[in-house]
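[1] what's the 3D shape of this:
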Amino acid sequence: MNNNRIRSYTSTAALLLIMLVASWGIAAAARSAEEPLSPTLIADDGACVALDPSNLLQNGSFEGEYTQYVPNPPIAQCPAGVCTSVRTPNGWAPWWTTKGNDPLFYKMPEFTAAAHDFWYGPPRTRSGESAQQLFTLFSTHEAGVFQQIQTTPGVTYCFSAWGQSWTAQDDPIPELNHSSCPSSQGVGDACSGPEDGQLKQKIGIDPTGGTDPDSGSIVWSESREQYDSYGIFVVTATAQAETITVFTYANPDFPVKHNNAYWDDAVVSAPRMAINGLTDMAVMTLPSEIKTVSRTGTIDLPAGLADQGWQATVDNSGGLTPNVSVTSGSSGDSLTIDFDTTGLATGVYKATVTIQSNTPTLDSPQTLNLTAFVVDQIYQVHLPYIGRP
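    Below you'll find the predicted structure:
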């Protein structure tokens, strides 16, 4: 992590209070460079569409046990070798940035599970039993969680996560018990404000698979304030390596008493090509017999990529010459592959048919193996059947 970015703060308490009061309503609207979102990857609710049969993330729902973080190598902030206040669920690792010695800015946050049945305030989980929460008291932070995923270079991946924050100078009063925000109560209502830390959230993808959240290679989503109710954050990027890394990010501008960020229901997906009804094909026969093998199937591409099409390529260098009904098509088009043993002497003959999407997708290309075994004799073994009357 690069801790050398220049930010100017004063450590004088009186001057800090003046700065907070004077600039409370001024938000930093910085945005990172974004890769254009692919409409084929985005669902109606703004999240990544489930183009893959399963979420490519491990534990995108942030459920299960939250375990203490054990940094390797050890770090000064966790002198016992274990960060007891940093807990993340299976599949996710924490990150944070510390800068300078001012106790009000860029401190290590606490990481913990947000429970769905928290007994006052608006819901801090979107689904399930828990969500990832990270927070600081009377200080700011720059922090999040990350996860690495095995990928196919050249394929565009979509990452989405639902986030919200609670940022306020006052403590919630349980008796007010507001289940939604904003409320008319103001102070003590478990809602953000009236004095908030101007907490920004965003998510990002490092298409090179790096784990430095300060890397210039990360493609970030929009950065925005998302107070007291879950909103979707989404970003796409094209993998440049066999691993990508996804990050969540939270950063308040002001050190109010409560600067809490929450993440839930994260998804990583990518378009996938599917071949239906076609598999490897093989036959065994005698030189005096002619056998024909034929099979028909379809090639399906994700919605939005159907017009990009696919190609079928034959390699008959193994002595077998198959026929294909077409050498290209669109999503849903059929493809018939056949071959026969006419004129083949004793031996083993092979060929392949490779099917590839014109746009990089998962499971593309796929190669079908075709084999003809021509033998001098075929032995048949008959086993008696014994059954009850």
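
[2] how about residue 63: what's its closest non-neighbour residue?
    residue 128 (5.0 Å; C-beta to C-beta, 6 or more residues apart in numbering). The way it works is simple: take the backbone N, C-alpha and C, and place the C-beta from them, glycine included.

[3] burial measure for the one you found, as a count.
    Neighbourhood size, residue 128 [other C-beta atoms under 10 Å]: 13.

[4] make sure it is indeed in a helix.
    No. Checked against DSSP: H, G, I helix; E, B strand; the rest coil, residue 128 lies outside a helix; its state is coil.

[5] nearest spatial neighbour of residue 291, chain-adjacent residues omitted?
    Distances taken as C-beta to C-beta, 6+ apart put residue 285 closest to residue 291, at 4.5 Å, once the chain neighbours are dropped.

[6] what strand or helix carries the spatially most central residue of the chain?
    For the chain, residue 268 is the residue whose C-alpha lies nearest the centre (C-alpha atoms, centre = their mean; 2.5 Å). Residue 268 is part of strand 258-269, with elements assigned from DSSP states H and E.

[7] show me what that strand is packed against.
    strand 130-137, strand 143-150, strand 156-168, strand 199-206, strand 243-252 (3 or more C-beta pairs under 8 Å, 6 or more residues apart in numbering; DSSP states H and E).

[8] of all these, which one is nearest residue 332?
    Counting by C-beta to C-beta, residue 332 lies closest to strand 156-168 out of the helices and strands packed on strand 258-269; the figure is 21.4 Å.

[9] quick check: angle from the closest one to strand 258-269?
    160 degrees (axes from the mean of the first three to the mean of the last three C-alpha atoms, to 10 degrees).

[10] packing partners of strand 156-168?
    Judged by 3+ C-beta pairs under 8 Å, 6+ apart, strand 156-168 is in contact with strand 199-206, strand 231-238, strand 243-252, strand 258-269.

[11] format the ones you listed as a markdown table; extra columns: mean pLDDT and distance to residue 94.
    A markdown table is the format used below for these (pLDDT from 0 to 100; distance: least, C-beta to C-beta, whole Å):
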| stretch | mean pLDDT | distance to residue 94 |
| --- | --- | --- |
| strand 199-206 | 98 | 15 |
| strand 231-238 | 94 | 18 |
| strand 243-252 | 98 | 10 |
| strand 258-269 | 95 | 12 |
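
[12] make CSV from these and add distance to residue 68 to it.
    Converted to CSV, the helices and strands packed on strand 156-168 look like this (distance: least, C-beta to C-beta, whole Å):
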stretch, distance to residue 68
strand 199-206, 24
strand 231-238, 27
strand 243-252, 19
strand 258-269, 19
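
[13] nearest to residue 360, out of the ones you listed?
    Closest to residue 360 of the helices and strands packed on strand 156-168 is strand 231-238 (C-beta to C-beta; 8.0 Å).

[14] in that closest one, what's buried?
    232, 233, 234, 235, 236, 237, 238 (16 or more other C-beta atoms under 10 Å).

[15] who does residue 353 bridge with?
    Note on residue 353: beta-bridge partners by DSSP bridges are residue 314, residue 368.

[16] residue 312 is in contact with that one, correct?
    Yes. Using C-beta atoms under 8 Å, residue 353 is in contact with residue 312, at 6.0 Å.

[17] more neighbours, those two?
    residue 353 (24 against 20).

[18] show me where the stretch 1-150 of the chain dips below the pLDDT cut-off.
    Along the stretch 1-150 of the chain, segments meeting pLDDT under 70 span 1-46, 49-54, 116-120.

[19] all helices of it, in order?
    13-23 (DSSP state H, counting those that start in this stretch).

[20] for residue 225, what are its contacts?
    27, 165, 198, 199, 200, 201 (C-beta atoms under 8 Å, 6 or more residues apart in numbering).

[21] which residues are in contact with residue 241?
    Neighbouring residues of residue 241 by C-beta under 8 Å, 6+ apart: 151, 153, 207, 208, 209.

[22] buried subset of these, written for ChimeraX?
    Buried residues within the contacts of residue 241, by 16+ other C-beta under 10 Å, are selected in ChimeraX with:
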select :151,207,209
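
[23] quick one: which of the contacts of residue 241 is nearest to residue 364?
    Taking the contacts of residue 241 together and measuring to residue 364 by C-beta to C-beta, the closest member is residue 153, at 12.4 Å.

[24] let me know the pLDDT of the closest one.
    Predicted confidence (pLDDT) at residue 153: the value is 94.

[25] any idea how far it lies from residue 199?
    Distance, residue 153 to residue 199, using C-beta to C-beta, to the nearest Å: 35 Å.

[26] check residue 382 too.
    Distance, residue 382 to residue 199, by C-beta to C-beta: 77 Å.

[27] who's more crowded, the two?
    Shown here are residue 382 and residue 199; by other C-beta under 10 Å, residue 199 has more neighbours (27 against 5).
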